[in-house]
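Chemist: What follows is a predicted structure for the sequence shown.
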Amino acid sequence: MKFNNKVIWITGASSGIGKSLAITLSKYDCKLIVSARRTEELEKLKGLCKNPDLVYVLPLDLANTDTMKSIANKAISAFGSIDILVNNGGISQRSSIIETSIAVDRKLMEVDYLGTVALSKALLPHFVAKQYGHYVVVSSLMGKFSSPLRSAYCGAKHALHGFFDAMRLEHDKDNVKVTMICPGFVNTNVARNALTADGSKQGDQDEMTENGLDVDVFVQKMITAIRKEKFEAYIGKFEKFGVFVKRLSPRLIHKLVLRSKFR
């Protein structure tokens with residue numbers, strides 16, 4: 001698949017993976033729709049892209065699921081069509097299960113799972129009508145195996161895999177593609193912005209996140225996976241092998257995670 005002249009919609013585009021992805025894809029002469037809550041940051045991002053005139057800023061809050069149909073219509077109207085939706089927006093969490101307010105669990109499910117599902121469902125009739133569309137969903141290795149202090153995050157990411165596996169099956173006949181991108185540790189602000197037990201931001205960077213893949217290196221690998229229309233792509237350093245270890249032995253991955261710095 002080539003990206004030239006494709007219309008690509010990226011959520012969570014104001015920072016981190018989404019920002020780097022938008023800047024990189026703009027070099028392919030794509031038409032981009034960039035979404036996040038912070039309009040000011042999106043406008044700054046637009047100025048960093050190769051062809052700002054081909055970038056449409058569309059503010060979006062994934063927590064407001066009732067607005068997704070109208071926002072999807074605005075996105076389609078921007079360039080007349082959408083080819084790829086990159087579901088990148090979301091938040092993380094760092095706190096023990098016993099201390100975490102149920103409100104935090106609910107927040108993670110509303111944003112990371114239900115927000116992504118609502119937006120994807122709102123765009124689905126467009127993909128079916130044109131008999132082509134590609135969902136790219138930024139999940140996590142934590143959507144394949146879990147680790148301590150991330151229970152709500154793991155739950156939401158696991159749920160995404162269940163939903164989008166069904167999406168891929170139901171709409172294979174409509175030429176609708178699904179690529180699940182599963183990052184390991186990537187050096188972004190995801191840990192600093194992670195919610196703690198009471199819903200406040202952690203504020204600090206995790207050691208493993210700090211030493212994770214450079215975000216631009218990650219994005220190049222992500223783009224390769226999108227181009228190849230992979231079902232799933234595990235992108236990280238040593239931690240990505242946890243997916244294969246779990247397939248062989250759930251007990252072994254349990255022991256390895258307990259001994260690791262995932263905590």
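Modeler: Here it is on my side, so go on. Numbers count the residues shown, from 1 in each chain.
Chemist: Using PDB, write out every CA atom in the helix or strand of the chain with the lowest mean pLDDT.
Modeler: Every helix and strand in the chain was compared by mean pLDDT, DSSP states H and E; the lowest is helix 207-210, with a mean of 85. Taking Å, rounded to 0.1, in the frame of the first residue of the first chain, the C-alpha atoms of helix 207-210 are listed here in PDB:
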ATOM      1  CA  GLU A 207      12.700   4.300  33.900                       C
ATOM      2  CA  MET A 208      11.600   1.800  31.300                       C
ATOM      3  CA  THR A 209       9.700   4.400  29.300                       C
ATOM      4  CA  GLU A 210      12.700   6.700  29.400                       C
END
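Chemist: Which positions in that helix come out as buried?
Modeler: By neighbour count on 16 or more other Cβ atoms under 10 Å, the buried set for helix 207-210 is 208-209. The C-beta positions use only the backbone N, C-alpha and C, and glycine is treated the same way.
Chemist: Tell me the helices and strands packed up against that helix.
Modeler: Helices and strands touching helix 207-210, as assessed by 3 or more Cβ pairs under 8 Å, 6 or more residues apart in numbering; DSSP states H and E, are absent.
Chemist: and after that helix, which helix or strand comes next?
Modeler: As assigned by DSSP states H and E, the chain's next helix or strand after helix 207-210 is helix 215-227.
Chemist: tell me what that next one is packed against?
Modeler: Packed against helix 215-227 by the contact rule (3+ Cβ pairs under 8 Å, 6+ apart) you find helix 16-26, strand 176-183, strand 232-235.
Chemist: Could I get the full set of helices for the protein?
Modeler: With DSSP state H applied, the chain shows helices at 16-26, 39-48, 68-79, 102-108, 116-130, 151-170, 207-210, 215-227, 242-248, 250-259, listed in chain order.
Chemist: wait, which of those helices is closest to Met142?
Modeler: Across those, Met142 has its closest neighbour in helix 151-170 (4.7 Å, Cβ to Cβ).
Chemist: quick one: the closest one to chain centroid distance?
Modeler: Its chain's C-alpha centre and that of helix 151-170 lie 12 Å apart, by Cα atoms, centre = their mean, to the nearest Å.
Chemist: One more: stretch 199-217?
Modeler: Relative to its chain's centre, stretch 199-217 lies at 15 Å (Cα atoms, centre = their mean).
Chemist: can you check stretch 10-22 too?
Modeler: The chain centroid and the centroid of stretch 10-22 are separated by 9 Å under Cα atoms, centre = their mean.
Chemist: got the contact list for it?
Modeler: Outside stretch 10-22, the residues that touch it by Cβ atoms under 8 Å, 6 or more residues apart in numbering are 25, 32-38, 41-42, 45, 49, 55, 60, 62, 85-90, 116, 119, 138, 183, 186, 188-190, 215-216, 218-219, 222-223.
Chemist: residues in contact with the residue lying closest to Asp61 once chain neighbours are set aside?
Modeler: Spatial nearest neighbour of Asp61, excluding adjacent residues (Cβ to Cβ, 6 or more residues apart in numbering): Arg37 at 5.1 Å. Counting by Cβ under 8 Å, 6+ apart, Arg37 makes contact with 14, 59-61.
Chemist: And for Leu85?
Modeler: Leu85 is in contact with 8-9, 11, 119-120, 123, 133-136, counting by Cβ under 8 Å, 6+ apart.
Chemist: what about 7 Å?
Modeler: Contacts for Leu85 (Cβ atoms under 7 Å, 6 or more residues apart in numbering) come out as 9, 120, 123, 135-136.
Chemist: What is the burial count for Lys228?
Modeler: 11 (other Cβ atoms under 10 Å).
Chemist: Please report how far it lies from Asp29.
Modeler: In this view, Lys228 and Asp29 are 20 Å apart by Cβ to Cβ, to the nearest Å.
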